[in-house]
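J.: Model the following, please.
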Amino acid sequence: MYLCTVNKTIHRMNKEGIGRKTGRGKQKAMYLWLLLSIALSAAGQGQPLPPDKNRMKQCPLVKIQPERLPDMHIARSGHASFFANGELVVVGGHTEGFVPTATAEYLSGGKWHEMQSTYPHDDGLYAQMKSGNVLIAGGHSEPLGVGATFTAEIYDPATHTFSGYGCLDRRRALSWRCCGASIN
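T.: Numbering: from 1, shown residues only. Here you go, the predicted model:
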């Protein structure tokens, strides 16, 4: 598999330059490709791109070699994951026994670094703000995915700290589908 970006449009191609236009974006090309290819495959809406030697000149192919990241300190599922300040950040989720966790980790220097968040966010949501901070909110209130919470907090990637940020207008869980929104 090869990824290529022309005019901020990401293309998935083979060696001959035959591929599909999969989406737009500047960062996290592999992550975006994965999400969009799953969505396009499910919807059956991918538009094949014809072979084009000019496109190959504009867009050199880059072979993607996946690599295994180190193990996190706390195994988790149902977490929010995002890039902030050039670092991969993982917040909340649940641990063994489906117990929500109020912890977070960021990947820097090839190692995971633990942080304590203000609230647990198992299947919560996040939105990156123009300031660079990240709003994290909602999630299940009890083990085993029961209930939902009003809680919200701000993550500051410059200082790797969390601070409370009031409450949502209604309880929310399983709202991760709206992740990646950008707000003021």
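
J.: which intervals of the chain have sub-threshold pLDDT?
T.: Applying pLDDT under 70 to the chain flags residues 1-61, 175-184.

J.: can you map out the strands along it?
T.: 2-6, 9-13, 19-24, 48-49, 62-63, 80-84, 87-91, 103-108, 111-116, 125-129, 134-137, 149-156, 161-172, 181-183 (DSSP state E).

J.: Can you give the contact residues for the longest one?
T.: It stands for strand 161-172. Applying CB atoms under 8 Å, 6 or more residues apart in numbering, the contact partners of strand 161-172 are 104, 115-119, 124-125, 135-139, 141, 147-156. For every residue, glycine as well, the C-beta is placed using N, CA and C.

J.: Quick check: the residue nearest to E153 when sequence neighbours are not counted vs G132, distance?
T.: In space, and not counting its chain neighbours, E153 is closest to T118: 4.4 Å by CB to CB, 6 or more residues apart in numbering. Taking CB to CB, to the nearest Å as the measure, T118 and G132 are separated by 18 Å.

J.: higher neighbour count, those two?
T.: T118 (17 against 12; other CB atoms under 10 Å).

J.: In contact with the more buried one: list those residues for me.
T.: With CB under 8 Å, 6+ apart, T118 has these contacts: A102, T151, E153, F162, S163, G164.

J.: which residues touch the closest residue to G132 other than its chain neighbours?
T.: Closest residue in space to G132, ignoring its immediate chain neighbours: P157 at 6.3 Å, by CB to CB, 6+ apart. By CB under 8 Å, 6+ apart, the contact set of P157 is A84, N85, E87, V89, Y106, G132, N133, V134.

J.: Pipe those into CSV and attach distance to T95 per row.
T.: Shown next, in CSV, are the contacts of P157 (distance: CB to CB, whole Å):
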residue, distance to T95
A84, 22
N85, 26
E87, 22
V89, 17
Y106, 18
G132, 29
N133, 26
V134, 21
